[in-house]
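**Q** here is my input; please provide its structure:
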Amino acid sequence: MELRQTKIVATLGPATDSDHEMQRIIEKGLNVVRVNLSHGKHDDHRKRIALVRKHAALLNKPVGILADLQGPKIRISRFKDGKINLQEGKEFKLDVDMDESAGTKKRVGVTYKNLPRDAKLGDILVVDDGNIVLKVTEVLDPVITTEVLVGGELSDSKGINRQGGGLTAESLTPKDHQDIRFAGEIDVDYMAVSFVRNAVDVNIARELLLATGCEGGIVSKIERVEAVENFDEIVEASDGVMIARGDLAVEIGDAQLPGVQKRLIKAARNRNRFVITATQMMTSMVTSTTPTRAEVLDVANAVLDGTDSIMLSQESAIGKHPAKVVAAVNRICRGSESTDRTMDRVERADDQFSGTEEAVGMAAMYTARHYDITAILSLTESGSTAKWLSQSLSGIPIYALTSHASTQRRVTMFRGVHPVDFEMNEDSDIAIEHQAVSEFLDRGIIKKGDILIVTRGEVTGIKGGTNTMKIITV
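**A** Okay, the predicted model is just below:
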């Protein structure tokens, strides 16, 4: 059966807490789980990760783990009665010194104490992902007075963004520092950093995670105007990026989002960084058993743009049908991939290769473009050669052969790359690449007459040692 190329990331939550549901979502095509550290306690997350690892082992399928930091999410505080109704044209005040549970229809507290320093006369503040819009009419610290431009119901703890960006909140909060230590404790494969502004934010997060002894990759969430402006330096400092379309759309405007999404996906892939497309991919399936046509097209467009992964949030965490959502994304991705079989070319122009692995990867991609290749077998220690190979949107399956469980989990994020547990016998008289071919024949993955590309290092056991490409006819 033809393999799906695009990967599926699903957020864990109460809806996935049973053995039955966890088994089903993995069987339906889940590749990576997201632990949302904005909600829940560490003990809850430990139990969920244990459940994932249990069923991944039972099903003999590597599943990656992505921990997602909360970051400086700026929120209003709480109302006395739980919610209010704001009327267009009325005055409403944000008071950073107000008691966190004393909100009224006239004013409410704010979690971000520096908001009066950042806000200016005429600024547009967007609350609850755009459902409420406020215009700043006066700033007298600690109070920001606003006019309601778009009213409606407003409940506790909704997020605030400044249209156009510019809030100075640090990317890593004290809570994030605690959560990074927890991420290291559970040995995550990736850690997502929220509200990244520049490469410095990424580097600090990486250093903090490494200090725990965890070597998980860093995913930068693109959700600020500053992140779009500094995208080149951010992507260079990261292992991958997440296009977090909720807050990003609020800051740049929803009309700008489609073009920015396409541009960022292309720019990241050209730099050999994976991309996760996230937020409201299949929102209707929180309650519905089928997606809307608009959601189908949204997922399909992200696939055709070249995203590595599609991410589910509340659809899997609190939705009524987690397994059906994963199955639907699986189906849409397969259909989208089958409509365009052309090879995506990563143009190098006059750029120099960064090292031997990239040179071998680019050579393999070029060969695959011009030869009848059935599959690519990448014998790898770290998965980095497989990542280079995944730049090619050819539909040709790339198998990452490794005995390292951490590498098998890491490559679950790369488009078109499929991990295979493979233990080479270095004492055998049979060449390692022929051992691999023999095992693939035994598993029924390939057949006689197939033409394969095999990449490997001449010296085994060395990360970054890939220096050989062979073409083998089975």
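**Q** what helices and strands are in contact with the helix or strand of the chain at the bottom of the mean pLDDT ranking?
**A** Lowest on mean pLDDT, DSSP states H and E among the helices and strands of the chain sits helix 356-369, with a mean of 85. If contacts are counted by 3 or more C-beta pairs under 8 Å, 6 or more residues apart in numbering; DSSP states H and E, helix 356-369 sits against helix 384-389, strand 451-456, strand 468-473. Every residue, glycine included, has its C-beta placed from N, CA and C.
**Q** which ones are touching L30?
**A** 8, 10, 63, 326 (C-beta atoms under 8 Å, 6 or more residues apart in numbering).
**Q** reformat the residues you listed as TSV; add distance to A244, secondary structure and neighbour count.
**A** Formatted as TSV, the contacts of L30 follow (distance: C-beta to C-beta, whole Å; DSSP: H, G, I helix; E, B strand; the rest coil; neighbours: other C-beta atoms under 10 Å):
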residue	distance to A244	secondary structure	neighbour count
I8	17	strand	24
A10	16	strand	30
V63	22	coil	22
V326	20	helix	26
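**Q** need the max-distance pair from those.
**A** Based on C-beta to C-beta, the longest span within those runs between V63 and V326 and measures 12.0 Å.
**Q** sorry, back to before: deepest in the core, which of the helices and strands packed on helix 356-369 is it.
**A** helix 384-389 (a mean of 27; mean count of other C-beta atoms under 10 Å).
**Q** next structured bit after the least confident helix or strand of the chain?
**A** Counting by DSSP states H and E, the element after helix 356-369 in chain order, helix or strand, is strand 375-379.
**Q** list the contacts for E138?
**A** 121, 144-145.
**Q** L140 - how many residues pack around it?
**A** 9 (other C-beta atoms under 10 Å).
**Q** could you measure from it over to K93?
**A** From L140 across to K93, the span is 10 Å (C-beta to C-beta, to the nearest Å).
**Q** okay if I get the helices and strands packed on helix 356-369 as TSV plus distance to K28 and mean pLDDT?
**A** Shown next, in TSV, are those (distance: least, C-beta to C-beta, whole Å; pLDDT from 0 to 100):
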stretch	distance to K28	mean pLDDT
helix 384-389	24	90
strand 451-456	29	92
strand 468-473	34	92
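**Q** quick check: buried residues in stretch 202-210?
**A** Across stretch 202-210, burial judged by 16 or more other C-beta atoms under 10 Å covers 202, 205-206, 208-209.
**Q** need the residues that contact that stretch.
**A** Against stretch 202-210 from outside (C-beta under 8 Å, 6+ apart): 69, 171-172, 177, 180, 183-184, 191, 193, 196, 216, 218, 220, 234, 237-238.
**Q** and the two most separated of those residues?
**A** Across the contacts of stretch 202-210 (C-beta to C-beta), the longest gap, 22.2 Å, separates G184 and I234.
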